[in-house]
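[1] Sequence first, then the predicted structure:
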Amino acid sequence: MKDRPDPLAAAWSELVATARRTVTDGLVVGTSGNVSRRIKDLILVTPSGVPYDRLGPGDTTAVDLEGRQIIGHLRPTSELPMHLAVYRSTPHATAVVHTHAPHATAVSTLLTELPPVHYMAASLGGPVRVAPYALYGTDALAAHLLDALRDRTGALLRNHGTLTYGDSLDQALDRTAQLEWMCRVWLLARSVPGHTPSLLSADELAAAGARLAGYGQP
């Protein structure tokens, strides 16, 4: 009789692979950023200050919804308050990705909301808000984030980076990549002297959102 696959081990392996992709995709540098995945009331999360390429099966790190460490010997990410705030606030989040994506971080220093320069803004719920600055790892930052995430699945953090969530690690990471790309488009369009980027209306975004809801294969 074959051994049954360990779902926790598989989830940790997927989480580590996603964290490594944030580095290879240029969304973080070094050990910045963090990734988590919810399995019922257990939150798997990247540990603090450990390069992702050094993480293995024996480094599994998990907490409960109150932040108490349940599994592992490595200290969880310092941004744990943000991750827990998202999971407590919505049943639709089973994965969270936080990065220091360069174009998104640049935009976070310039605006209070990313203008709708592309219809993919609809995939995040609409124009992406910028959460006010607060020291990383604090409850204040988590509170600002939740306010910016109202009716959204992604937000910018002023002078800091991005946070997106989804129903899978792939979806959360894809939303991060889309947000970084839209920020890059806005910066490029805004850099042309004598021109102002055209923006989509609320109705145009709503129409795009309705079509995106049926995008892909059934």
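    That came through, no problem. These figures come from a predicted structure and were not determined experimentally.

[2] What number of residues are in the vicinity of Thr112?
    12 (other C-beta atoms under 10 Å). Heads up, the C-betas are built off the backbone N, CA and C, glycines and all.

[3] Now for it: which residues touch it?
    Thr112 makes contacts with 129-130, as judged by C-beta atoms under 8 Å, 6 or more residues apart in numbering.

[4] Name the helix or strand for Gly67, please.
    When elements are defined using DSSP states H and E, Gly67 is found to belong to no helix and no strand.

[5] Next, find the distance separating it from Arg175.
    24 Å (C-beta to C-beta, to the nearest Å).

[6] what about the two, which has more around it?
    Shown here are Gly67 and Arg175; by other C-beta under 10 Å, Arg175 has more neighbours (25 against 13).

[7] Find the residue closest to Gly33 in space, skipping its chain neighbours.
    Spatial nearest neighbour of Gly33, excluding adjacent residues (C-beta to C-beta, 6 or more residues apart in numbering): Thr99 at 4.3 Å.

[8] Around that neighbour, how many other residues sit close by?
    Using other C-beta under 10 Å, the number of residues around Thr99 comes to 29.

[9] Arg211 too?
    For Arg211, the count of nearby residues is 11 (other C-beta under 10 Å).

[10] now Thr138
    By other C-beta under 10 Å, 14 other residues sit near Thr138.

[11] what do you get for Asp170?
    Each residue near Asp170 was counted by other C-beta under 10 Å, and the total is 13.

[12] ok, now which ones touch it?
    Residues near Asp170 by C-beta under 8 Å, 6+ apart: Thr18.
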